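K.L.:
below are the sequence and a predicted model; questions follow.
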Amino acid sequence: MCGIVAYIGTREAYPILIKGLQRLEYRGYDSAGVALLNGDLNVYKKAGKVVDLEAYVGAQDTHATMGIGHTRWATHGVPNDCNAHPHLSYSGNLALIHNGIIENYESLKTELQRRGYLFQSDTDTEVLVNLIEEIKKQEGVELEDAVRIALNEVVGAYAIVVMEKGKEDKLIAARKGSPLVIGIGENEFFVASDASPIIEFTKNVVYLEDQEYAVINRDGHFTLKTLGNVETTPSIQKLEMNLEAIEKGGFDHFMLKEIYEQPRAVADALRGRMSASGGWIKLGGVVEYEKRILNADRLLIAACGTSWHSGLLAEYLIEDVARMSVEVEYASEFRYRNPVVDHEDVMIAISQSGETADTLAAIELAKERGALIYGICNVIGSSIARVSHAGSYTHAGPEIGVASTKAFSTQVAILTLMALQIGEAKGTIPTSRLREILFELENIPAKIEETLKLNDQILEIAKTYKDATNFLYLGRGVNFPVALEGALKLKEISYIHAEGYPAAEMKHGPIALIDENMPVVILATNRSAYEKIVSNVQEVKARKGKVIAIVNKGDRQIKGLADHVIEVPETEDILAPLVTIVPLQLLSYHIAILRGCNVDQPRNLAKSVTVE
Ligand code: AGP
Ligand code: GLU
């Protein structure tokens, strides 16, 4: 949620900030702004996208070699020009950008108002910048101290960057709960929410730890301190990401590019972790904590959104193959119950970004109560990856489209390996069966590739249903979480109301919704429940619903009943989701494009939700 970028050095800051904001726009895009310091402290901000900001700035003087920029995902106050960041302090001397929420902003605001501060915006951020200003008024308090003292007074989550008029030699950056990375160049520094604005200038970076702040000086040195004012030693890392990975590479949208990257992404997720001919699977984290995992009372899975769907799928896989009891939790709910968790439990936390606040909070609680945390994340070095005891990266590469696609399939690939590895260690899966599945798993990238060739057919189906107001998605067994994921994809990018249901549950209620205007997507690849699915198709047809069925290649029976069949390559039932999700991603993509929606930046959403 929200993108932060800052620069101090010898180049013109404005183009670096604008380009950086464009790269970060997936994180938030309801308004954007920059502040430039060059004697004067000039702030330009605008509701809308980064292009609107650029148009607004136009030919105005932007000359400056330091500045801060922000693309917002509003939490407090509507997205308008005034609530956009950067926010200036009351005197106009401090400018601040903020990602996160200041939870106690109301009481702080009341106190500041009592002391004569007037507020321009409705944001919690403006309270923080004024709190820093108020603290700085005290004798001998430098900007750095004021920031530290203020941050010790606020409750909430943040990543911030602050600069001060008259102090053109320094930027202060701090984080608690929201990511921030510093890029180290030759006599220049970059600060950003992720490495994408930095990558083209330097590969040397430092990830700020939680509750740490940095004083970044123009003369080429910087210091890191904890919020307790203790200096820490920076660990400088080399970025491995390349520029190409964060650009569209000839596709119209990131989402489409990422859908098409799935054969490669799934292959990368599996690489080095299994061999069908060798008959082995090895997720390092599972090996390291094997005893603890095998002896666990149960596995708890915590995640949100798409990651929750892959968690639900993992429940089917692990229970089936490894015979362990699994509970899948919405991370956001988990923490607000009084869940029964102890040191016998293992929590698998799944997150593309590794920064989702709800998931982090669930981990914190489970960790406090003694559970082992196994993180499955895509973003390397992310908060969840760092707080986990063990884990596996999904290696999907940067996912920029707000709607998760390759993150889902790579999570599923890892969770499949995990289920098989635990099953093997527990002896709940015969070796011969394990080999069969591993051979088939190796074929999956090619089968995804083959499924992508159905794109033109799916576009035609999309044209037929683009004006529907509702959609149902039905699936059984492992295809049920896929139905939920297909419905989520459609909702989030095309704004069509869609529900995913277990196919057999339809007759307990949702069947009432079916009439000639209701498209029903039915996942019908499961060999084990095929006849039952055929009956579900008949039930929908009997009520004049329109059936779009995802079937195995060569299927006859459903072909004769459904309005449209999408024939995907057949695979092992438990691996089917890796194939069946692909047509659903393409269907929602095309419907959204035909409806004129912005698929990479759907309304109201942000790529990573770093607030609870
Ligand atoms: C996916 O399409 C969504 N935009 C969203 O549900 C997402 O999966 C969720 O916010 C979790 O994010 P994470 O995987 O980064 O933790
Ligand atoms: N809470 C702040 C606001 O509403 C920051 C939101 C963000 O992270 O973009 O402006």
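P.N.:
Received it, and whenever you're ready, just let me know what you need. Ligands and ions are numbered 1, 2, ... in the order given.

K.L.:
pull stretch 491-505 out as CSV, backbone CA atoms only.
P.N.:
The C-alpha trace of stretch 491-505 is given here as CSV (Å, rounded to 0.1, in the frame of the first residue of the first chain):
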residue,chain,number,x,y,z
LYS,A,491,-14.4,-9.2,-9.2
GLU,A,492,-11.3,-7.3,-8.7
ILE,A,493,-10.5,-6.3,-12.2
SER,A,494,-13.8,-6.2,-14.0
TYR,A,495,-16.1,-5.1,-11.1
ILE,A,496,-18.6,-7.8,-12.0
HIS,A,497,-20.1,-9.5,-8.9
ALA,A,498,-18.9,-13.1,-8.8
GLU,A,499,-19.1,-15.9,-6.3
GLY,A,500,-17.1,-19.1,-6.0
TYR,A,501,-18.9,-22.1,-4.5
PRO,A,502,-18.3,-25.8,-4.0
ALA,A,503,-20.3,-27.3,-6.8
ALA,A,504,-22.4,-29.5,-4.6
GLU,A,505,-23.2,-26.6,-2.3
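
K.L.:
any regions of this structure where pLDDT drops low?
P.N.:
When the per-residue scores of the chain are filtered using pLDDT under 70, the ranges that remain are 1.

K.L.:
what helix or strand is Val582 located in?
P.N.:
With elements taken from DSSP states H and E, the one containing Val582 is helix 577-594.

K.L.:
what does the chain have sitting close to ligand 1?
P.N.:
Selection of the chain residues close to ligand 1 by Cβ under 6 Å from any ligand atom yields 304-307, 351-353, 356, 359, 402-404, 492, 605, 608-609. The C-beta positions use only the backbone N, C-alpha and C, and glycine is treated the same way.

K.L.:
mind listing what the residue lying closest to Val582 once chain neighbours are set aside touches?
P.N.:
Closest residue to Val582 in three dimensions, ignoring its sequence neighbours and counting by Cβ to Cβ, 6 or more residues apart in numbering: Thr451, at 4.4 Å. Under the criterion of Cβ atoms under 8 Å, 6 or more residues apart in numbering, the neighbours of Thr451 are Val568, Pro569, Val579, Val582, Pro583.

K.L.:
with neighbour count and distance to Gln538 added, can I get these in JSON lines?
P.N.:
Listed next are the contacts of Thr451 as JSON lines, based on neighbours: other Cβ atoms under 10 Å; distance: Cβ to Cβ, whole Å:
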{"residue": "Val568", "neighbour count": "23", "distance to Gln538": "21"}
{"residue": "Pro569", "neighbour count": "17", "distance to Gln538": "25"}
{"residue": "Val579", "neighbour count": "23", "distance to Gln538": "24"}
{"residue": "Val582", "neighbour count": "29", "distance to Gln538": "26"}
{"residue": "Pro583", "neighbour count": "24", "distance to Gln538": "22"}
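
K.L.:
of all these, which comes closest to ligand 2?
P.N.:
Sorting the contacts of Thr451 by how near they are to ligand 2, with Cβ to the nearest ligand atom, puts Val582 at the top with 32.7 Å.

K.L.:
got the contact list for the closest one?
P.N.:
Under the criterion of Cβ under 8 Å, 6+ apart, the neighbours of Val582 are Ile259, Gln262, Ile448, Thr451, Leu452, Val568.

K.L.:
from these, which ones fall inside helices?
P.N.:
Residues from the contacts of Val582 lying in helices, with DSSP state H as the criterion: Ile259, Gln262, Ile448, Thr451, Leu452.

K.L.:
tell me the most packed of those, by neighbour count.
P.N.:
With neighbours defined as other Cβ atoms under 10 Å, the most crowded of the ones in helices among the contacts of Val582 is Gln262; it has 28 neighbours.

K.L.:
can I assume that residue is in contact with Ser409?
P.N.:
Yes - under the criterion of Cβ atoms under 8 Å, Gln262 makes contact with Ser409 at 5.1 Å.

K.L.:
okay, and the common contacts of the two?
P.N.:
Residues touching both Gln262 and Ser409 (Cβ under 8 Å, 6+ apart) are Ile448.

K.L.:
picking up where we left off before, hey, C-alpha coordinates of the helix holding Val582 in CSV?
P.N.:
Included here for helix 577-594 are C-alpha records, laid out as CSV according to Å, rounded to 0.1, in the frame of the first residue of the first chain:
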residue,chain,number,x,y,z
PRO,A,577,-5.4,-26.4,-10.3
LEU,A,578,-2.1,-25.4,-11.8
VAL,A,579,-3.7,-25.8,-15.2
THR,A,580,-7.4,-24.9,-14.5
ILE,A,581,-6.6,-21.5,-13.0
VAL,A,582,-5.1,-20.3,-16.3
PRO,A,583,-8.3,-20.0,-18.4
LEU,A,584,-10.0,-18.3,-15.5
GLN,A,585,-7.2,-15.7,-15.3
LEU,A,586,-7.5,-15.1,-19.1
LEU,A,587,-11.3,-14.9,-18.9
SER,A,588,-11.3,-12.2,-16.3
TYR,A,589,-8.5,-10.3,-18.1
HIS,A,590,-10.4,-10.2,-21.4
ILE,A,591,-13.7,-9.3,-19.8
ALA,A,592,-12.0,-6.5,-17.8
ILE,A,593,-10.3,-5.1,-21.0
LEU,A,594,-13.5,-5.3,-23.0
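
K.L.:
chain center to that helix: distance?
P.N.:
19 Å (Cα atoms, centre = their mean, to the nearest Å).

K.L.:
repeat for stretch 150-168
P.N.:
25 Å.

K.L.:
what comes up buried for it?
P.N.:
Within stretch 150-168, the residues scored as buried using 16 or more other Cβ atoms under 10 Å are 150-151, 154, 156-165, 167-168.

K.L.:
need the contact list for Leu312.
P.N.:
By Cβ under 8 Å, 6+ apart, the contact set of Leu312 is Ile301, Val328, Phe480, Pro481, Leu484.

K.L.:
what's the last one sitting at in phi/psi?
P.N.:
Spelled out, it's Leu484. Reported as degrees, to the nearest 10, the phi and psi values for Leu484 are phi -60, psi -40.

K.L.:
give me the nearest residue to it, chain neighbours excluded.
P.N.:
Nearest residue to Leu484 in three dimensions, chain neighbours excluded: Gly500, at 3.6 Å (Cβ to Cβ, 6+ apart).

K.L.:
now Ser528: how far from Asn479?
P.N.:
From Ser528 across to Asn479, the span is 11 Å (Cβ to Cβ, to the nearest Å).

K.L.:
of the contacts of Val582, closest to ligand 1?
P.N.:
Ile259 (12.1 Å).

K.L.:
re earlier: now the two most distant members of the contacts of Leu312.
P.N.:
Ile301 and Phe480 (15.3 Å; Cβ to Cβ).

K.L.:
for Lys489, which residues are in contact?
P.N.:
With Cβ under 8 Å, 6+ apart as the criterion, the residues that contact Lys489 are Ala403, Thr405, Leu584, Gln585, Ser588, Tyr589.

K.L.:
mind listing what His395 touches?
P.N.:
Taking Cβ under 8 Å, 6+ apart as the definition of contact, the neighbours of His395 are Ala265, Asp268, Ala269, Arg271, Asn378, Thr410.

K.L.:
I'd like the distance between the residue of the stretch 151-300 of the chain found nearest ligand 2 and Gly156.
P.N.:
At 7.4 Å from ligand 2, Ser178 is the closest residue in the stretch 151-300 of the chain, using Cβ to the nearest ligand atom. Noted for Ser178: a distance of 10 Å to Gly156, by Cβ to Cβ.

K.L.:
which residues do the two both contact?
P.N.:
By the contact definition Cβ under 8 Å, 6+ apart, Ser178 and Gly156 are jointly contacted by Gly100.

K.L.:
ok, the residue of the stretch 151-300 of the chain closest to ligand 2 - contacts?
P.N.:
Each residue near Ser178 by Cβ under 8 Å, 6+ apart is listed here: Met1, Cys2, Asn99, Gly100, Ala157, Tyr158, Ala159, Ser193, Glu355, Thr610.
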